[in-house]
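# this one's structure only:
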């Protein structure tokens, strides 16, 4: 049982870096502090780059879930602005 509730989901499987992070960042900006965003992304570059970029922005990464179909869901808690 997860100890968080997903408030918003964004799918960035249809875009490539660096747009992946931009799309994720915009989705995060629309949330309130403490809300949870699930970011669906492709394996490879996004999985390497997006979590790092989000961490650099100060947000908290809760989990990276392998969907076992070549995509991952990154669960992020929005930090205070």
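Sure, I can see it. The structure displayed is predicted, hence computed values, not measured ones.
# how distant is stretch 40-56 from the center of its chain?
8 Å (Cα atoms, centre = their mean, to the nearest Å).
# in it, what counts as buried?
40, 41, 42, 46, 47, 50, 51, 53, 54 (16 or more other Cβ atoms under 10 Å). Heads up, the C-betas are built off the backbone N, CA and C, glycines and all.
# With stretch 53-68 instead?
Using 16+ other Cβ under 10 Å as the test for burial, stretch 53-68 gives 53, 54, 59, 62.
# Wait, the second one touches residue 64, no?
No - using Cβ atoms under 8 Å as the test, residue 54 is too far from residue 64 to be in contact (10.9 Å).
# so what's in contact with those two at the same time?
Contact criterion Cβ atoms under 8 Å, 6 or more residues apart in numbering; residues shared by residue 54 and residue 64: residue 74.
# Now for residue 67: which residues touch it?
By Cβ under 8 Å, 6+ apart, the neighbours of residue 67 are 40, 73.
# ok, 6 Å please
Under the criterion of Cβ atoms under 6 Å, 6 or more residues apart in numbering, residue 67 has no neighbours.
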